[in-house]
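>>> Any chance you could fold what I've pasted below:
(one chain, ligands or ions: 2)
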Amino acid sequence: MSLLALEQAQERLLALAPELGSETVPSDRALGRVLAAGCTARRAQPPFDVSAMDGFALRGHGPWRCVGESRAGAPFEGALEPGQCTRISTGAAMPDGADRVLIREDAAVEHDRVSTAADPVPGQHVRKRGFDFGVGERVLASGEVITPARLALALASGHGELPVVRATRVAVIECGDELARDPADCAPHQVPACNGAMVAGLLAPLACEVERLGPVGDDPAALARSLEEARYADIVITIGGASVGDHDHVRGALADWGANIAFWKVAIKPGKPLLVASRQAGEQHQVVLGLPGNPVSSFVTAFLFALPLVRRANGMADTLPESEPAILGEDLPATGTRRSFLRGIWSAGEVRLAASQDSSALHALARANCLIDRPAGAAPSATGDTVRVLRLQNG
Ligand SMILES: Nc1nc2c(c(=O)[nH]1)N[C@H]1C(S)=C(S)[C@@H](COP(=O)(O)OP(=O)(O)OC[C@H]3O[C@@H](n4cnc5c(N)ncnc54)[C@H](O)[C@@H]3O)O[C@H]1N2
Ligand code: MOO
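Ligands and ions are numbered 1, 2, ... in the order given. Sure, this is the predicted structure:
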């Protein structure tokens with residue numbers, strides 16, 4: 001069976017991404033979510049002319065007589081005559097008639113008399129009404145991800161709630177008779193189940209709800225029960241049991257569950273036995289990603305496939321990780337027939353290999369901060385050559 005190239009596999013997977021509806025949520029719960037509709041400002045910022053500094057709001061030339069105070073939240077009620085001023089704090093409304101601000105440090109104050117060496121010019125230290133945004137101005141566009149700064153903009157422009165794409169529901173099922181749920185209760189023939197938590201952790205910064213099921217044994221009936229438990233999920237991620245062993249039941253169980261296998265096996269190392277399927281149950285469209293069980297293979301395929309899939313389901317435009325150039329700090333051997341994603345450590349301007357490139361080597365993975373992306377059939381590379389790397393920001 002010929003293996004699919006990475007780009008083709010990603011393209012085919014993303015084309016299957018579920019279309020999620022939208023919902024309205026409190027703005028401070030919308031972080032990381034994608035806006036389902038644009039927002040226009042319901043108020044101006046600032047809502048009136050305000051002072052940018054602590055000092056005195058002045059009218060005309062000095063010296064000035066201080067007739068009161070304008071504080072943020074407690075504006076001066078009257079109007080200033082020429083030669084008058086008020087104390088003013090940063091963000092407070094400019095009193096009617098005031099046209100400039102003298103900062104506290106430059107003011108000489110004697111009783112109610114305020115003077116300065118050089119008069120401020122008109123408009124100095126004044127923020128004009130609506131200079132940041134005016135009422136009705138478009139502040140956020142449909143399709144934008146709500147970042148912390150955009151959350152602040154939404155709130156400041158009067159939006160306590162936002163229409164966003166529904167968060168993707170993800171179920172992660174770990175498969176294998178050898179997997180122990182509790183590392184403290186792990187028999188000699190077992191290994192602690194760790195990939196599910198790792199994959200859920202990779203997904204954590206995205207707007208999704210992840211439920212972990214299992215671990216389930218290498219038993220088609222048990223796997224069928226877990227898949228049924230995951231029938232609500234937009235995306236089902238299975239881990240392990242994806243290869244060709246006698247106890248690799250994932251493909252069979254998926255077919256029995258009514259899922260259509262879209263493709264199996266991708267020309268990447270690690271991660272070859274990646275499996276993608278989809279299932280239509282009534283109105284509900286589900287995508288299944290079968291990740292290989294070797295921990296590093298799970299990690300790399302989650303990074304290259306699961307994260308982009310959730311991003312696409314969430315409505316994000318940019319879904320695939322972007323590589324950047326890096327200088328090799330050591331020689332690399334030629335690659336085989338699969339595109340390789342080597343675990344690398346990028347520091348002080350050079351990238352080097354993590355200690356072990358075995359697809360089960362968690363210790364090396366945990367030290368890596370990037371994947372070195374090597375094309376299939378590449379000749380050896382030498383120290384000082386440029387390679388492409390993918391940063392692991394949440395690795
Ligand atoms: N004859 C062949 N054998 C294998 C092939 C092949 O092409 N022909 N491919 C190899 C490759 S590449 C990979 S990757 C693995 C993937 O196999 P599976 O997806 O079936 O994974 P398992 O056999 O279930 O497990 C592999 C390995 O990973 C450990 N594991 C699994 N799940 C977890 C988990 N949730 N937490 C921690 N560790 C886990 C498991 O104990 C095994 O050691 O197949 C090769 N074989
Ligand atoms: O491709 Mo497997 O994922 O090398 O270990």
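>>> Number of residues surrounding the closest residue to ligand 2 within the stretch 51-200 of the chain?
Relative to ligand 2, the nearest point of the stretch 51-200 of the chain is Asn195 (12.0 Å; Cβ to the nearest ligand atom). All C-beta spots, glycine's among them, are computed from the backbone N, C-alpha and C. Asn195 has 27 neighbours, counted by other Cβ atoms under 10 Å.
>>> try Gly377
Counted with other Cβ under 10 Å, residues neighbouring Gly377 total 11.
>>> What average pLDDT does stretch 195-211 get?
For stretch 195-211, mean pLDDT is 96.
>>> try stretch 282-300
Per-residue scores along stretch 282-300 average to 95.
>>> Can you give me the first-to-last residue distance of it?
End-to-end span of stretch 282-300 (Cα to Cα, to the nearest Å): 33 Å.
>>> hang on, the earlier thing: dump the residue contacts of the residue of the stretch 51-200 of the chain closest to ligand 2.
Residues counted as contacts of Asn195 (Cβ atoms under 8 Å, 6 or more residues apart in numbering) are 174, 239-240, 291, 293, 295, 298-299.
>>> From Arg127, how far out is the residue nearest to Ala79 when sequence neighbours are not counted?
Spatial nearest neighbour of Ala79, excluding adjacent residues (Cβ to Cβ, 6 or more residues apart in numbering): Asp96 at 3.8 Å. Relative to Arg127, Asp96 is positioned 16 Å away (Cβ to Cβ, to the nearest Å).
>>> Just give the number of residues close to Gly214.
With other Cβ under 10 Å as criterion, Gly214 counts 23.
>>> Let me know the secondary structure of it.
Three-state call for Gly214 (DSSP: H, G, I helix; E, B strand; the rest coil): strand.
>>> Find the nearest non-adjacent residue to it, please.
Per Cβ to Cβ, 6+ apart, closest to Gly214 is Glu174, 4.5 Å.
>>> Is that neighbour located within a helix, as I assumed?
No - counting by three-state DSSP, Glu174 is not found in a helix; it is strand.
>>> And the lowest mean pLDDT element among the helices and strands of this structure?
helix 250-256 (a mean of 92; mean pLDDT, DSSP states H and E).
>>> Tell me the helix or strand right after that one.
strand 260-264 (DSSP states H and E).
>>> ok, and what's touching stretch 33-41?
22, 25, 133-146, 154, 157-159, 162-165, 167, 207, 314-316.
>>> which ones are touching the spatially closest residue to Pro183 that is not a sequence neighbour?
Setting aside the residues directly before and after it, Pro183 is nearest to Pro192 in space (Cβ to Cβ, 6+ apart), at 3.8 Å. Contact analysis of Pro192 by Cβ under 8 Å, 6+ apart lists 179-180, 182-183, 186.
>>> Let me see the backbone angles for Pro192.
phi -70, psi 140 (degrees, to the nearest 10).
>>> Can you spell out which residues form a bridge with it?
Under the criterion DSSP bridges, Pro192 forms beta bridges with Ala180.
>>> returning to what we had before: Asp96 and Arg127: who's more crowded?
Using other Cβ under 10 Å as the criterion, Asp96 and Arg127 rank with Arg127 on top: 20 against 13.
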